[in-house]
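J.: quick check, what structure comes out for this input:
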Amino acid sequence: MSLLISRAAARPPDGFPPARLASTTPWFFRRILRTTQDTKVVFDNANPLAYGMPPEGLALHMSGSPAFEIIPGEHNERYEVVVRYADRDLLESGWLIGEQTLARKAGMVAAKYGDGRVILIGFRTQHRAQTHGTFKLLFNALIR
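T.: Below you'll find the model as predicted:
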C-alpha cells in the first residue's frame with residue numbers, strides 16, 4: 001500500500017490510473033499567499049478507511065493542496081471516494097477563494113493499483129495536532 005498525503009498526492013506513481021486534480025485557489029495566489037481553512041467534508045463511514053468518523057465533519061485544507069475528481073473512463077471501478085468536500089458553504093473558518101472549484105470534489109481517494117492500493121489524501125490529516133478528528137483517517141489507512 002502507498003499512502004500519499006497533501007501535496008505528495010498531486011503526483012501519483014507512474015502507471016497509476018488517471019485522476020484529474022483540482023486546486024482551491026487561482027495559480028497566482030498559490031505562489032504568493034499561504035492560506036489555511038477548516039472546510040466542511042462528508043465522510044463515507046461505511047468505508048473501512050473512514051471507520052469511526054461521523055457522517056459530516058471538518059478537514060484542514062491548505063492552499064495548493066489537491067482535491068480529486070475522477071474522470072469517467074474504463075478504470076472507474078478501481079476508485080473509492082472516502083472523503084468529499086461539501087456541496088456548498090464549505091468554509092468553517094479561515095479564508096477561501098474558489099469555493100466552487102473545491103465543492104463536491106474528493107478529498108481522500110483509495111484506488112486499486114496492481115495487487116495493492118494507493119490512498120490519496122489531499123488535506124492535512126496530521127497538521128500540528130490541530131486535526132484530532134481526521135487522525136482516524138490516517139490511522140485507518142495505516143492499519144488497512
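J.: residue ranges with poor pLDDT in the protein?
T.: In the prediction, the chain carries residues with pLDDT under 70 at positions 1-35, 127-132.
J.: in it, which residue is most central in space?
T.: Gly107 (2.0 Å; C-alpha atoms, centre = their mean).
J.: how close does it get to Ser65?
T.: Distance, Gly107 to Ser65, using C-beta to C-beta, to the nearest Å: 9 Å. Heads up, the C-betas are built off the backbone N, CA and C, glycines and all.
J.: tell me, what's touching these two both at once?
T.: Taking C-beta atoms under 8 Å, 6 or more residues apart in numbering as the contact rule, Gly107 and Ser65 both touch 122-123.
J.: residues contacting Thr36?
T.: Thr36 sits in contact with 60-63, 94, where contact means C-beta under 8 Å, 6+ apart.
J.: who does it form a beta bridge with?
T.: As for beta bridges, Thr36 partners with Met62 under DSSP bridges.
J.: tell me the secondary structure at Phe68.
T.: Local secondary structure at Phe68 is given as strand here, using DSSP: H, G, I helix; E, B strand; the rest coil.
J.: any idea what it is bridged to?
T.: Counting by DSSP bridges, the residues bridging with Phe68 are Leu21, Ala106.
J.: hang on, it packs against Val109?
T.: Yes: under the criterion of C-beta atoms under 8 Å, Phe68 makes contact with Val109 at 5.0 Å.
J.: of those two, which one has the most company?
T.: Set side by side, Phe68 and Val109 show more neighbours around Val109, with 28 against 25, by other C-beta atoms under 10 Å.
J.: what sits against that one?
T.: Val109 neighbours (C-beta under 8 Å, 6+ apart): 19, 68, 70, 79-82, 119-120.
J.: farthest pair in those?
T.: Ile70 and Ile119 (14.5 Å; C-beta to C-beta).
J.: who has more neighbours out of the two?
T.: A count of neighbours by other C-beta under 10 Å puts Ile119 above the other of Ile70 and Ile119, at 24 against 19.
J.: and the more buried one, how far from Leu58?
T.: Taken as C-beta to C-beta, the span from Ile119 to Leu58 is 20 Å.
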